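# Starting from these lines, generate the structure:
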Amino acid sequence: MSLPQNHPVRDFAPGSPERARLIDELKHQRANPRWILPVINGRKVDTGTSTEMREPHAHARVLGTYSSAGAAEADAAIKAAVDARHDWARTSPASRRAVFLRAAELLAGPFNARLLAATMLQQSKTVFQSEIDASCELIDFLRFNVAFSEQIEAMQPLSTAAERNRLEHRPLDGFVFAASPFNFTAIAGNLALAPALMGNTVVWKPSERSVYSAAFLMDLFEAAGLPPGVINMLPAENPAPIGDSVFASEHLAGVHFTGSTAAFDRIWRTVGGNVSAYRSYPRLVGETGGKDFVFAHASADIDALVTALVRGAFDYQGQKCSAASRAYIPLSLWKPVIERLTEIVRSLTMGDVTDLSNFMGAVIDHRSYAQISSFLDYAASAPGHRRIAGAAPSDKDGWFIPPTVIACDNPKSRLMTEEIFGPVLALYAYPDAKLEETLALVDQSTPYALTGAIFAQDQAVIERLSLALMDAAGNFYINDKPTGAVVGRQPFGGGRRSGTNDKAGSPFNLLRWTSPRTVKETWVPPRSHLYPHMA
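Residues are numbered from 1 along each chain as shown. All right, here's what the predicted structure looks like:
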């Protein structure tokens, strides 16, 4: 069974048709603020509340408002999902696949500029970062998940001349709760669509920081023919009442989550505390935090290394769970690496993402701005830290934190061990002779194990580093940055405190949303209880 091809990444060069369409759509969305309502059983529900959505890079600009869901809406969404499960679970797999293949084609066509523009405006992504996310990755999730579901359906047991055996890949017995982050539109879409493709119904709470693009996703699913109640969207300024209702429901069958480690810990504890009240044991699938590394050997190609550090740390303002935020550089390479890195970082442009010449936009909101700034303040006041590159943050027009590189004398500094989720890269210079000790630091100094990269030229060295860091990252890159996993090529997920490693973008994730039933059909059943040895 063949897999689809990854959707091609466009360059949006001046004069290109995709650039012209995008610019028109950006202007249209800015000129037409949107009012977004929760979607329950296919109906939009006004809760009587109003929360503004603003552009992070131009926070005076209001994109629109949304009506915030609460406990009553959560209860209604749960009921809608439970009721819709009967028909959706009995819909043929081929018909379910057709919905999401149609969604992929709609996204590749008339919905493309809409979702790209929405992602740029509310999530402050540059055109390239939006293209690889809201266009290519989401289209790939839709197409590849369909192909993976066909592979799963083809996984059947042996039959004999006397019997036929089969596996029916049923959905889970209840509803799935999908809780998505702000930073990837594709992840938000996949958290809801992957369980739905396998016959589940979903209560989806998008991040309060990305409700705008989430509403366009719901438009896409509805246009593709998704029946009412299969995915119910609950935007919420305060997510606590929704969680209270979801985790108290006996029908909770699974959680599909991407977000902070602390939030997933709370979910796990709550589900564990309520486990005897559920009709079935909920499946918990989570991708959480990261403190992702780049480790350079003395044989590393300096230009390739520095390019990976810049792109890995500062693409999308470092707001990727896979972003490079700590790097280990041998003293023998320190001077040329720092010189080249400083030169490039100082040249990076930052500003309104609708100016397509900018390399970076703003961080997502004031809360993120304050958190990242606190790390910079700590580095400025604590001994053993030296700023190599980076200007002062400014919140005058947007939540702008310039790309910052900080050298740390202590490899266990907060900057080297704690997740920052912003454009801050911490560096540690290690003595070339202390290779093994430094590898142990990489492996053991943080609780996370999401992504990591090594740079070396000698294949024996590559093998040595790979074995030493076997458990340090679920996605491991050799001579490349630790970001940019592609559906179907680098299934994504990490271990330790980075999540359950169920590998989004692969059949492994979809298998979590099925509860197979084994069916044995005997052609000529025995008619006597006696066995031959009893004669």
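
# quick check: mean pLDDT across stretch 179-196?
Stretch 179-196 carries an average pLDDT of 98.

# Dump that stretch to PDB, restricted to CA.
Extracted as PDB, the C-alpha positions of stretch 179-196 are listed here (Å, rounded to 0.1, in the frame of the first residue of the first chain):
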ATOM      1  CA  ALA A 179      -6.600  20.000  24.000                       C
ATOM      2  CA  SER A 180      -4.400  21.900  21.600                       C
ATOM      3  CA  PRO A 181      -1.600  24.500  21.900                       C
ATOM      4  CA  PHE A 182      -1.300  27.800  20.200                       C
ATOM      5  CA  ASN A 183       2.000  27.300  18.300                       C
ATOM      6  CA  PHE A 184       1.000  24.900  15.500                       C
ATOM      7  CA  THR A 185      -2.300  25.100  13.600                       C
ATOM      8  CA  ALA A 186      -1.500  21.600  12.100                       C
ATOM      9  CA  ILE A 187      -1.100  20.100  15.600                       C
ATOM     10  CA  ALA A 188      -4.500  21.700  16.600                       C
ATOM     11  CA  GLY A 189      -6.100  20.200  13.600                       C
ATOM     12  CA  ASN A 190      -4.500  16.700  14.100                       C
ATOM     13  CA  LEU A 191      -5.400  16.400  17.700                       C
ATOM     14  CA  ALA A 192      -9.000  16.600  16.800                       C
ATOM     15  CA  LEU A 193      -9.000  14.900  13.400                       C
ATOM     16  CA  ALA A 194      -6.800  11.800  14.200                       C
ATOM     17  CA  PRO A 195      -9.300  10.300  16.700                       C
ATOM     18  CA  ALA A 196     -12.300  11.400  14.500                       C
END
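
# how about it: buried residues?
179-196 (16 or more other Cβ atoms under 10 Å). C-betas here are computed from N, CA, C, even on glycine.

# Check stretch 160-169 too.
Leu167, His169.

# ok, now stretch 414-428?
Per 16+ other Cβ under 10 Å, stretch 414-428 contains these buried residues: 415-428.

# Ok, stretch 68-78 next?
So, applying 16+ other Cβ under 10 Å, buried residues of stretch 68-78: Ser68, Ala69, Gly70, Glu73, Ala74, Asp75, Ala76, Ala77, Ile78.

# Tell me which residues touch Phe314, please.
For Phe314, the contacting residues are Val345, Leu348, Phe359, Met360, Pro403, Pro423, Leu425, by Cβ atoms under 8 Å, 6 or more residues apart in numbering.

# Adding secondary structure, pLDDT and distance to Arg97, write these out as a markdown table.
Shown next, in a markdown table, are the contacts of Phe314 (DSSP: H, G, I helix; E, B strand; the rest coil; pLDDT from 0 to 100; distance: Cβ to Cβ, whole Å):
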| residue | secondary structure | pLDDT | distance to Arg97 |
| --- | --- | --- | --- |
| Val345 | helix | 98 | 45 |
| Leu348 | coil | 98 | 42 |
| Phe359 | coil | 98 | 39 |
| Met360 | strand | 98 | 38 |
| Pro403 | coil | 98 | 42 |
| Pro423 | coil | 98 | 40 |
| Leu425 | strand | 98 | 42 |
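
# Which single one of these is nearest to Tyr278?
Pro423 (41.4 Å; Cβ to Cβ).

# since we're on the spatially closest residue to that closest one that is not a sequence neighbour, how many residues are nearby?
Of all residues beyond its chain neighbours, the one nearest Pro423 is Gly318 (4.1 Å), with distances taken as Cβ to Cβ, 6 or more residues apart in numbering. Gly318: 24 surrounding residues under other Cβ atoms under 10 Å.

# do Ala313 as well
Neighbour number of Ala313 under other Cβ under 10 Å is 30.

# hang on, it packs against Ala323?
Yes - between Ala313 and Ala323 there is a contact at 6.0 Å, judged by Cβ atoms under 8 Å.

# Tell me if I'm right that Leu425 and Ala313 touch.
Yes - the pair Leu425 / Ala313 is scored as a contact, 4.0 Å apart, by Cβ under 8 Å.

# anything in contact with each of the two?
Ala324, Ser325, Pro403, Val405.

# Just confirm the second one is within a strand.
Yes - following the definition DSSP: H, G, I helix; E, B strand; the rest coil, Ser325 is counted among the residues of a strand.

# Go ahead and confirm it touches Glu418.
No - applying Cβ under 8 Å, one finds Ser325 not in contact with Glu418, separated by 9.1 Å.

# okay, and the common contacts of those two?
With Cβ under 8 Å, 6+ apart, Ser325 and Glu418 have common neighbours Lys291.

# Okay, Ser445 and Ala453: tell me how far apart.
Distance, Ser445 to Ala453, by Cβ to Cβ, to the nearest Å: 16 Å.

# higher neighbour count, the two?
Ala453 (27 against 17).

# can you confirm the more buried one is in a strand?
Yes - membership of Ala453 in a strand is supported by three-state DSSP.

# And it, what's its pLDDT?
Here the pLDDT value assigned to Ala453 is 98.

# same thing with Met1?
66.

# picking that back up, show only the entries of the buried residues of stretch 68-78 found in helices.
If you go by DSSP state H, the buried residues of stretch 68-78 have Glu73, Ala74, Asp75, Ala76, Ala77, Ile78 in helices.

# next one: the helix or strand hosting Met218 to chain centre, how far?
In the assignment (DSSP states H and E), Met218 maps to helix 211-223. Helix 211-223 sits 17 Å away from the centroid of its parent chain (Cα atoms, centre = their mean, to the nearest Å).

# List of residues touching the helix or strand following that helix?
With elements assigned by DSSP H and E, the helix or strand that comes after helix 211-223 is strand 231-233. Strand 231-233 has contacts (Cβ under 8 Å, 6+ apart) with 38-41, 77, 80-81, 192-193, 196, 201-206, 214-215, 218, 221.

# now swap in stretch 83-103 and tell me
Contacts of stretch 83-103 (Cβ under 8 Å, 6+ apart): 41, 142-143, 145-146, 149-150, 153, 169-171, 174-175, 193, 196-197, 199-201, 220-221, 223-230.

# Now that stretch: buried residues?
Ala84, Arg85, Trp88, Ala89, Pro93, Arg96, Arg97, Val99, Phe100, Leu101, Arg102, Ala103.

# In contact with the nearest residue to Val353 once chain neighbours are set aside, which residues?
Distance criterion Cβ to Cβ, 6+ apart; nearest residue to Val353, sequence neighbours excluded, is Gly361 at 4.2 Å. For Gly361, the contact set (Cβ under 8 Å, 6+ apart) comprises Pro56, His57, Ser124, Lys125, Thr126, Tyr316, Gln317, Met350, Gly351, Asp352, Val353, Gly398.

# Out of those, who's the most crowded?
Most surrounded of the contacts of Gly361: other Cβ under 10 Å gives Gln317, at 33 neighbours.

# which two from the buried residues of stretch 414-428 end up farthest apart in space?
Among the buried residues of stretch 414-428, Phe421 and Tyr428 lie farthest apart (Cβ to Cβ), at 19.6 Å.

# From Gly312, how far off is the residue nearest to Val353?
Taking Cβ to Cβ, one finds Gly361 at 17 Å from Gly312.

# swap in Arg209?
For Arg209, the distance to Gly312 - Cβ to Cβ - is 23 Å.

# Please identify which of the two sits among more neighbours.
Gly312 (27 against 17).

# Output the buried residues of stretch 414-428 in JSON lines, with distance to Asp244 and secondary structure appended to each entry.
Putting the buried residues of stretch 414-428 into JSON lines (distance: Cβ to Cβ, whole Å; DSSP: H, G, I helix; E, B strand; the rest coil) gives the following:
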{"residue": "Leu415", "distance to Asp244": "36", "secondary structure": "helix"}
{"residue": "Met416", "distance to Asp244": "37", "secondary structure": "helix"}
{"residue": "Thr417", "distance to Asp244": "33", "secondary structure": "helix"}
{"residue": "Glu418", "distance to Asp244": "29", "secondary structure": "coil"}
{"residue": "Glu419", "distance to Asp244": "27", "secondary structure": "coil"}
{"residue": "Ile420", "distance to Asp244": "30", "secondary structure": "coil"}
{"residue": "Phe421", "distance to Asp244": "26", "secondary structure": "coil"}
{"residue": "Gly422", "distance to Asp244": "31", "secondary structure": "coil"}
{"residue": "Pro423", "distance to Asp244": "35", "secondary structure": "coil"}
{"residue": "Val424", "distance to Asp244": "35", "secondary structure": "strand"}
{"residue": "Leu425", "distance to Asp244": "39", "secondary structure": "strand"}
{"residue": "Ala426", "distance to Asp244": "38", "secondary structure": "strand"}
{"residue": "Leu427", "distance to Asp244": "43", "secondary structure": "strand"}
{"residue": "Tyr428", "distance to Asp244": "43", "secondary structure": "strand"}
